[in-house]
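Colleague: I need the structure of the sequence given here:
(one chain, ligands or ions: 2)
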Amino acid sequence: MGEEAPEFLGNIDKNSILGYDSESQGYSSSIAIGDKIYVLGRSDDDANSSFSLKVFDKLGGKWSNPTVLGTKPTLSKGHSAVLINKNQILVLKSDSSPDECFWFLEVDTPFVKKQRELVGREVVAWSKGITGDAPKPIVISGPSGVGKGTLIAKLMKDYPTTFGFSVSHTTRAPREKEVNGVHYHFTERSIMEKDIRDGEFLETAAVHGNLYGTSIEAVEAVTNGGKRCILDIDVQGARSVRASSLEAIFIFICPPSFDELEKRLRSRGTETEEQVQKRLRNAKAELDQGTSPGLFDHILVNDDLETCYENLKKLLALDECTDVTYQPARENFKVPVCHSVTKEDHKVLIHCGNNGLEAETAITFVLDLTLLKGGAPGRTRGLHISAGGPLTESVNGMGQV
Ligand SMILES: Nc1nc2c(ncn2[C@@H]2O[C@H](COP(=O)(O)OP(=O)(O)O)[C@@H](O)[C@H]2O)c(=O)[nH]1
Ligand SMILES: Nc1ncnc2c1ncn2[C@@H]1O[C@H](COP(=O)(O)OP(=O)(O)O)[C@@H](O)[C@H]1O
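Modeller: Numbering: from 1, shown residues only. Ligands and ions are numbered 1, 2, ... in the order given. Presented below is the predicted three-dimensional model:
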């Protein structure tokens with residue numbers, strides 16, 4: 001026997017429906033996509049009170065609690081939700097700054113589909129929207145000992161507020177000077193395999209006999225701090241990230257010669273002879289794949305370190321840049337509690353102050369969906385909002401969550 005859907009779900013259509021949900025004791029919004037209804041409500045499970053999500057399957061007549069990936073939005077005084085395409089729901093938080101206002105709930109994007117296959121159950125993912133065009137994350141690959149870590153350390157030292165390092169997980173043992181949580185999250189194979197099955201990783205690969213992976217949390221921790229994310233990952237990982245919605249810049253670092261690579265690897269003195277041999281064998285295949293067309297946007301030869309570093313800065317347009325955290329466009333925008341949202345063609349219209357009492361100050365903001373980029377895991381970039389009238393922030397209305 002199927003369970004009963006709450007009454008307010010009765011006449012659901014493609015727009016958001018708001019209703020009081022006795023179970024969650026707050027106002028919820030519901031969006032129907034195909035045979036499923038996604039109900040957003042209140043969750044007090046964590047300290048910050050974030051959105052909860054339940055899915056009602058109309059065919060099976062059953063509720064489920066999907067696995068929710070990504071940082072969840074915290075609750076605001078009110079929210080609205082609208083379906084922007086068959087894979088994504090836009091959730092707007094009222095009374096929030098422009099960069100806390102827009103959240104995208106991905107229910108069937110390629111990333112979600114992939115994670116669903118891994119997890120073997122319903123999966124959804126949150127991605128925070130940010131205004132303007134934030135710079136792309138950077139993927140750096142290259143054979144062991146070529147100097148990736150050295151170049152990244154220089155970038156992070158010279159531009160500490162611009163860049164943030166995506167701290168990978170690995171099952172390999174820490175080297176003498178490596179710090180857990182800084183260079184890697186060092187972990188056990190069985191734990192990492194479980195975390196992979198739970199959908200916690202953007203990508204993983206077996207490299208030189210160990211498991212390595214970029215967790216969704218690692219990327220989000222950097223992007224949530226407003227920094228540009230740097231990923232030091234192997235060629236397989238780069239291929240997976242290419243297929244994701246991260247939309248990064250891909251850079252492959254080459255040695256000036258194989259002999260020089262061997263010299264650097266040995267002089268680093270961090271590997272046993274057996275491990276050095278394995279890394280050198282793997283380097284041949286990595287160099288072949290890394291330098292063949294299609295995967296990497298740029299190839300840099302790390303011969304003289306300073307020259308290579310200058311070239312890296314040039315291609316990241318850092319040569320004349322000072323160290324700054326990306327500042328999103330501060331658009332004059334705040335959605336009051338009383339608002340409604342509709343979708344027309346490739347635009348979302350946010351009608352503010354439309355409770356009839358403040359008609360002269362009512363305004364409609366327009367969000368252009370054609371300019372959106374990125375998505376889970378990480379942020380949805382390229383939010384451009386234009387206004388069509390005076391701004392009001394003081395309209396009273398019903399809180400929805
Ligand atoms: N796919 C993938 N590769 C990673 C990740 N983290 C590190 N790697 C790669 O794993 C390889 C081995 O890294 P490491 O053991 O630190 O040795 P190193 O390259 O000699 O410094 C390098 O090619 C790294 O770029 C990750 O999260 N995912
Ligand atoms: N351009 C360079 N010339 C000479 N030695 C270098 C150069 N770049 C890096 N090294 C040295 O080579 C070794 C390997 O560099 P590292 O950054 O650990 O490589 P990776 O992270 O790619 O494995 C380190 O001892 C480093 O100091």
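Colleague: tell me the phi and psi of Gly164?
Modeller: phi -130, psi 140 (degrees, to the nearest 10).
Colleague: Apologies, that question was intended for Leu371.
Modeller: Dihedral angles for Leu371 - degrees, to the nearest 10 - are phi -100, psi 0.
Colleague: Might you report the residue contacts of Lys72?
Modeller: 50-51, 126 (C-beta atoms under 8 Å, 6 or more residues apart in numbering). Where you see a C-beta, it was placed from the backbone N, CA and C, and this is true even at glycine.
Colleague: For it, which non-adjacent residue is closest in space?
Modeller: Ser50 (4.0 Å; C-beta to C-beta, 6 or more residues apart in numbering).
Colleague: any idea how far the one you found lies from ligand 1?
Modeller: 27 Å (C-beta to the nearest ligand atom, to the nearest Å).
Colleague: what packs against the helix or strand harbouring Gly290?
Modeller: Assigned by DSSP states H and E, Gly290 falls within helix 273-291. For helix 273-291, the elements it packs on are helix 235-243, strand 249-254, helix 258-268, judged by 3 or more C-beta pairs under 8 Å, 6 or more residues apart in numbering; DSSP states H and E.
Colleague: Throw these into TSV and include mean pLDDT, thanks.
Modeller: Shown next, in TSV, are those (pLDDT from 0 to 100):
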stretch	mean pLDDT
helix 235-243	94
strand 249-254	98
helix 258-268	96
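Colleague: who wins for proximity to Ile299 among the ones you listed?
Modeller: Each of these has some distance to Ile299 by C-beta to C-beta; the shortest is strand 249-254, at 4.9 Å.
Colleague: just to revisit the earlier point, now the residue nearest to Lys72: how far from Trp103?
Modeller: 10 Å (C-beta to C-beta, to the nearest Å).
Colleague: How about Lys36?
Modeller: Taken as C-beta to C-beta, the span from Lys36 to Trp103 is 19 Å.
Colleague: the more surrounded of the two?
Modeller: Trp103 (24 against 18; other C-beta atoms under 10 Å).
Colleague: now the strands: where do they sit in the stretch 1-150 of the chain?
Modeller: Ranges of strands within the stretch 1-150 of the chain are 17-21, 26-33, 36-43, 50-57, 62-64, 67-69, 79-85, 88-93, 102-106, 123-131, 138-141, based on DSSP state E, counting those that start in this stretch.
Colleague: Reformat those into JSON lines and put mean pLDDT next to each item.
Modeller: Output for those, formatted as JSON lines (pLDDT from 0 to 100):
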{"stretch": "strand 17-21", "mean pLDDT": "46"}
{"stretch": "strand 26-33", "mean pLDDT": "80"}
{"stretch": "strand 36-43", "mean pLDDT": "85"}
{"stretch": "strand 50-57", "mean pLDDT": "89"}
{"stretch": "strand 62-64", "mean pLDDT": "92"}
{"stretch": "strand 67-69", "mean pLDDT": "93"}
{"stretch": "strand 79-85", "mean pLDDT": "92"}
{"stretch": "strand 88-93", "mean pLDDT": "94"}
{"stretch": "strand 102-106", "mean pLDDT": "95"}
{"stretch": "strand 123-131", "mean pLDDT": "91"}
{"stretch": "strand 138-141", "mean pLDDT": "98"}
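Colleague: sorry, back to before: could you work out which of the helices and strands packed on helix 273-291 reaches nearest to Asp345?
Modeller: For Asp345, the closest of the helices and strands packed on helix 273-291 is helix 235-243, at 28.8 Å, according to C-beta to C-beta.
Colleague: Close to ligand 2: what parts of the stretch 51-200 of the chain are there?
Modeller: Residues of the stretch 51-200 of the chain lying near ligand 2 by C-beta under 6 Å from any ligand atom: 142, 144-150.
Colleague: rewinding a little: so which of the helices and strands packed on helix 273-291 comes closest to ligand 2?
Modeller: Comparison of the helices and strands packed on helix 273-291 against ligand 2 by C-beta to the nearest ligand atom identifies helix 258-268 as nearest, at 3.5 Å.
Colleague: Mind giving me the packing neighbours of that closest one?
Modeller: With contacts defined as 3+ C-beta pairs under 8 Å, 6+ apart, the packing partners of helix 258-268 are helix 273-291.
Colleague: Adjacent strands (with direction) for the helix or strand just after the helix it packs on?
Modeller: As assigned by DSSP H and E, the chain's next helix or strand after helix 273-291 is strand 298-301. Using DSSP bridges, strand 298-301 pairs in its sheet with strand 249-254 (parallel).
Colleague: Could the C-alpha coordinates of the strand it pairs with be exported in CSV?
Modeller: Once non-C-alpha atoms are left out, strand 249-254 reads as follows in CSV (Å, rounded to 0.1, in the frame of the first residue of the first chain):
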residue,chain,number,x,y,z
ILE,A,249,41.3,25.0,-16.8
PHE,A,250,43.4,21.9,-17.4
ILE,A,251,47.2,22.3,-17.3
PHE,A,252,49.7,19.5,-17.8
ILE,A,253,53.3,19.9,-16.5
CYS,A,254,56.1,18.1,-18.5
